[in-house]
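Trainee: structure, please.
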Amino acid sequence: MSRPTIVDVARAAGVSRATAARVLSGATTVDRRMAEAVEREASRLGYETNHAARILRGGRAGAIGLVVALNELDSLRGTFFTAVLKGAAMGLSAGEVQPVLLPAETEDHRRIPRFLRSGAVDGAIVILQHEITHLAADLADSPVPIAWVGQPGDVLATNAFVVDSDNRGGGALAAQALLRAGRRRLGIITGPSDMLPANERARGWHDELAAQGIAVGASAHGDFTMDGGAAAMARLLQRDPHLDGVFASSDLMAAGALPVLEAAGRRVPTDVALIGYDDVLIAATSDPPLTTVRQPLEEMGRAAAEAVLAATRGEEAPRVQILPTSLVTRESL
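Mentor: Residues are numbered from 1 along each chain as shown. The predicted structure follows:
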């Protein structure tokens with residue numbers, strides 16, 4: 001039986017060949033109902049995109065997509081993924097492969113999956129941010145290998161790879177540092193509860209305190225933003241006005257906590273020691289500069305590039321890589 005062609009797909013969907021080609025190449029300007037019809041008929045007929053055909057011929061696109069949250073590009077949170085981007089781009093350059101930036105829009109969940117099916121790239125690296133956690137499910141049937149920087153959860157494609165820092169170990173490092181500094185009345189600002197890395201940081205923190213026989217203390221949720229950190233710090237102070245040590249599980253939340261502590265008359269670090277997580281630019285430029293748990297962000301990006309490149313070449317690559325964290329001591333401890 002002959003393979004279905006794009007003409008067959010177009011005829012079954014009731015659209016022109018040009019429209020079918022645009023949809024299957026990842027275009028987002030096609031009428032939604034037409035796009036859905038094309039995708040449905042392509043799936044029903046078993047149509048294989050140009051990518052599959054090129055693989056059969058031994059060809060490659062020679063490019064890897066770099067997926068980032070679109071609304072992060074001009075925000076303070078951009079400092080997290082710019083370091084990852086640098087490492088990934090360096091890794092791809094070393095492999096003589098072209099990086100292609102793919103901003104992810106939360107409004108159109110199908111755009112990135114369509115593009116990855118188009119054959120324009122041989123694989124993708126997703127820099128996980130809270131705003132694009134939905135992509136884990138959207139890309140579960142990706143035809144190309146994907147390397148995630150940050151653990152997206154359990155919904156992964158069979159050709160997916162994960163690179164992350166030791167979030168659990170990082171949470172433990174923060175607890176150890178505060179205890180060594182003589183702090184005993186501790187609190188934590190946790191990250192989004194639907195993000196595995198945030199939960200692992202909190203888990204490491206709680207486990208270390210339990211192992212040392214120290215009360216877990218107050219806890220408040222944040223969203224990895226400065227505003228979220230400020231609001232969470234205010235709630236922590238309501239629950240325990242006499243805290244003497246706080247772990248904020250991102251540098252941005254720690255930076256947001258600083259003015260709240262100052263407004264409450266709690267000096268950092270004299271009255272309250274404060275530790276962040278990430279070691280992005282804001283940690284070193286805050287007043288006072290923040291002690292933080294460092295993620296090796298550039299190394300994570302490079303490892304993700306190496307994993308996805310190995311997969312495109314049919315070589316073995318570790319499915320999960322957890323890179324070590326370290327404590328960077330500054331003036332907030």
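Trainee: point to the residue nearest the middle of this structure.
Mentor: Leu128 (1.5 Å; C-alpha atoms, centre = their mean).
Trainee: skipping its backbone neighbours, what lies nearest that residue in space?
Mentor: Nearest residue to Leu128, sequence neighbours excluded (C-beta to C-beta, 6 or more residues apart in numbering): Gly150, at 3.2 Å. Just so you know, the C-beta spots here come from the backbone N, C-alpha and C atoms, and that holds for glycine as well.
Trainee: who touches that neighbour in this structure?
Mentor: Residues in contact with Gly150 (C-beta atoms under 8 Å, 6 or more residues apart in numbering) are 127-129, 162, 164, 195-197.
Trainee: closest to Ala255 out of the residues you listed?
Mentor: Gln129 (17.5 Å; C-beta to C-beta).
Trainee: Val7: how many residues sit nearby?
Mentor: 11 (other C-beta atoms under 10 Å).
Trainee: okay, Ala232: pLDDT?
Mentor: Note on Ala232: pLDDT of 97.
Trainee: next secondary structure after the helix or strand where it lies?
Mentor: Element membership for Ala232 (DSSP states H and E) is helix 226-239. Proceeding N to C from helix 226-239, the next assigned helix or strand is strand 245-248, under DSSP H and E.
Trainee: tell me the mean pLDDT over that next one?
Mentor: Mean pLDDT, strand 245-248: 98.
Trainee: now find how far off-centre it is within its chain.
Mentor: Centre-to-centre, strand 245-248 and its host chain are 23 Å apart (C-alpha atoms, centre = their mean, to the nearest Å).
Trainee: could you identify the helix or strand that succeeds that strand?
Mentor: That would be, after strand 245-248 and using DSSP H and E, helix 251-263.
Trainee: mind listing what's buried along that next one?
Mentor: 251-258, 260-261 (16 or more other C-beta atoms under 10 Å).
Trainee: got it, and stretch 8-27?
Mentor: In stretch 8-27, counting by 16+ other C-beta under 10 Å, buried: 8-13, 15, 19-24, 26.
Trainee: now swap in stretch 224-231 and tell me
Mentor: 224-226, 228-231.
Trainee: now the two most distant members of the buried residues of stretch 8-27.
Mentor: Arg11 and Gly26, at 21.3 Å, using C-beta to C-beta across the buried residues of stretch 8-27.
Trainee: if I look at Gly26, what pLDDT would I see?
Mentor: On pLDDT, Gly26 comes in at 60.
Trainee: er, Ser2 actually
Mentor: pLDDT, read off for Ser2, is 67.
Trainee: any idea of the mean pLDDT in stretch 204-223?
Mentor: Stretch 204-223 comes out at a mean pLDDT of 94.
Trainee: what sits up against it?
Mentor: Applying C-beta under 8 Å, 6+ apart, the contact partners of stretch 204-223 are 130, 167-176, 179, 184-193, 202, 228-229, 231-233, 235-236, 239-240, 243, 247-250, 253, 256.
Trainee: distance between the ends of it?
Mentor: With C-alpha to C-alpha, to the nearest Å applied, stretch 204-223 spans 18 Å between its terminal residues.
Trainee: and it, which residues are buried?
Mentor: By neighbour count with 16+ other C-beta under 10 Å, stretch 204-223 contains the buried residues 204-206, 208-209, 214, 217-223.
Trainee: the inter-axis angle of the helix holding Ala232 versus helix 251-263?
Mentor: 50 degrees (axes from the mean of the first three to the mean of the last three C-alpha atoms, to 10 degrees).
Trainee: surely Pro145 is in contact with Val162?
Mentor: No: here Pro145 does not reach Val162: they are 11.9 Å apart, not a contact under C-beta atoms under 8 Å.
Trainee: low-confidence stretches in the stretch 201-333 of the chain?
Mentor: Nowhere does the stretch 201-333 of the chain drop to pLDDT under 70.
Trainee: swap in 90 and give it another go.
Mentor: 215-217, 224, 281, 310-318 (pLDDT under 90).
Trainee: what do you get for the stretch 1-150 of the chain?
Mentor: For the stretch 1-150 of the chain (pLDDT under 90), the answer is 1-10, 16-63, 65-86, 89-122, 126-144, 150.
Trainee: what segments of it are strands?
Mentor: For the stretch 1-150 of the chain, the strands defined by DSSP state E, counting those that start in this stretch cover 63-69, 98-104, 123-127, 146-149.
Trainee: before we move on, what about the stretch 151-300 of the chain?
Mentor: 160-165, 186-190, 218-221, 245-248, 273-278, 291-294.
Trainee: just name the most buried of the ones you listed.
Mentor: Highest mean neighbour count of the strands of the stretch 151-300 of the chain: strand 245-248, a mean of 30 (counted as mean count of other C-beta atoms under 10 Å).
Trainee: strands paired with that one, and their directions?
Mentor: The strands that strand 245-248 pairs with in its sheet are strand 186-190 (parallel), strand 273-278 (parallel) (by DSSP bridges).
Trainee: please name the residues that touch Arg168.
Mentor: Arg168 touches 200-201, 203-204, 207, counting by C-beta under 8 Å, 6+ apart.
Trainee: could you redo the last one with a cut-off of 10 Å?
Mentor: Contacts for Arg168 (C-beta atoms under 10 Å, 6 or more residues apart in numbering) come out as 197, 199-208, 322, 325.
Trainee: kind regards, and thank you for your time.
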